[in-house]
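*Asks:* okay, here's the prediction I keep looking at, along with the sequence it came from:
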Amino acid sequence: MTRDDGGRVPGADRWLERWLALLEERARGAPLLELGCGSGEDSATLAARGLDLVALDRSGSALAGARARVPAARFLCRDLRDPLPVDDASVGAVVASLSLHYFPWDETVAIVSRVRRALRPRGILVARLNSTRDHHYGASGHPAIEPDYYDVDSEPKRFFDEAGVRRLFAGRWSFLALEERVSTRFGKPKVLWEVVVEAA
């Protein structure tokens with residue numbers, strides 16, 4: 001992927017830019033793991049900075065596009081509920097943009113626990129999570145599966161308030177950032193949480 005004069009990937013969603021320096025610092029000398037990479041838009045931004053990227057997605061067709069877009073990265077077809085393809089305490093940073101919201105609560109907690117084990121000390125997770133105020137994209141008007149977890153047009157989706165985010169990362173994490181933001185990438189405004197947590 002071609003970089004512009006600022007090391008940015010042309011046409012990419014710019015949400016990661018404010019975290020890139022921190023990601024580079026924490027991933028120095030270790031892989032960076034991306035969960036739910038889709039067609040590789042964020043992967044391209046990360047790889048353009050020279051990070052050692054290992055990216056996962058369960059969609060083979062999305063991964064084919066990601067591999068074509070970012071040939072320098074390693075892409076693996078993996079369900080996030082499966083064991084991570086890395087050793088414990090071996091990863092410097094993890095990025096998970098809107099990929100942790102498809103699962104029942106216990107499975108979500110288990111995924112986050114595996115991420116914590118994969119991170120070396122002071123490693124970070126940078127994530128975006130659906131907000132309970134994300135009404136354009138399913139936070140209201142759909143059948144509930146469990147609290148804040150809905151059947152949205154035959155797809156399960158979880159939504160988080162601040163207490164839910166803090167509950168998810170209770171225990172062996174320290175918050176470096178927690179902010180509710182609005183993205184216009186998807187057409188209608190999408191309300192989401194940007195979260196940065198450190199392996200404590």
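*Replies:* Cool, got the structure.

*Asks:* partner strands of the strand or helix carrying A55, with direction?
*Replies:* A55 belongs to strand 53-57 when assigned by DSSP states H and E. Sheet pairing of strand 53-57 (DSSP bridges) gives strand 32-35 (parallel), strand 74-77 (parallel).

*Asks:* ok, then the element right after that strand?
*Replies:* Using DSSP H and E, the helix or strand that follows strand 53-57 in sequence is helix 60-69.

*Asks:* so what does that following helix touch, helix or strand wise?
*Replies:* helix 41-47, strand 53-57, strand 74-77 (3 or more Cβ pairs under 8 Å, 6 or more residues apart in numbering; DSSP states H and E). Glycine gets a C-beta too; all of them are placed from N, C-alpha and C.

*Asks:* coming back round to it: so how far is the strand holding A55 from its chain's centroid?
*Replies:* 11 Å (Cα atoms, centre = their mean, to the nearest Å).

*Asks:* what inclination does it have with respect to helix 60-69?
*Replies:* For strand 53-57 against helix 60-69, the angle between stretch directions is 160 degrees (axes from the mean of the first three to the mean of the last three Cα atoms, to 10 degrees).

*Asks:* just the CA atoms of strand 53-57, as PDB, please.
*Replies:* What follows is strand 53-57, C-alpha atoms only, in PDB (Å, rounded to 0.1, in the frame of the first residue of the first chain):
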ATOM      1  CA  LEU A  53       1.400  -7.400  11.900                       C
ATOM      2  CA  VAL A  54      -0.500 -10.600  12.400                       C
ATOM      3  CA  ALA A  55      -4.100 -10.100  11.500                       C
ATOM      4  CA  LEU A  56      -7.100 -12.400  12.000                       C
ATOM      5  CA  ASP A  57     -10.600 -12.600  10.500                       C
END
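
*Asks:* who does the residue nearest the centre of the chain bridge with?
*Replies:* Against the mean C-alpha coordinate of the chain, by Cα atoms, centre = their mean, the closest residue is A96 at 0.9 Å. Beta bridges link A96 to A127, judged by DSSP bridges.

*Asks:* returning to what we had before: just name the most buried of the strands paired with strand 53-57.
*Replies:* strand 32-35 (a mean of 26; mean count of other Cβ atoms under 10 Å).

*Asks:* just how off-centre is that one within its chain?
*Replies:* Centre-to-centre, strand 32-35 and its host chain are 8 Å apart (Cα atoms, centre = their mean).

*Asks:* identify the residues contacting it?
*Replies:* Contacts with strand 32-35, where a contact means Cβ atoms under 8 Å, 6 or more residues apart in numbering, come from 23, 42-43, 46, 51-56, 80, 84, 86, 91-96, 99-100, 111, 115, 118.

*Asks:* what's the separation between the nearest residue to R158 once chain neighbours are set aside and A30?
*Replies:* For R158, ignoring the flanking residues on the chain, the nearest one in space by Cβ to Cβ, 6 or more residues apart in numbering is H101 at 4.2 Å. Distance, H101 to A30, by Cβ to Cβ, to the nearest Å: 26 Å.
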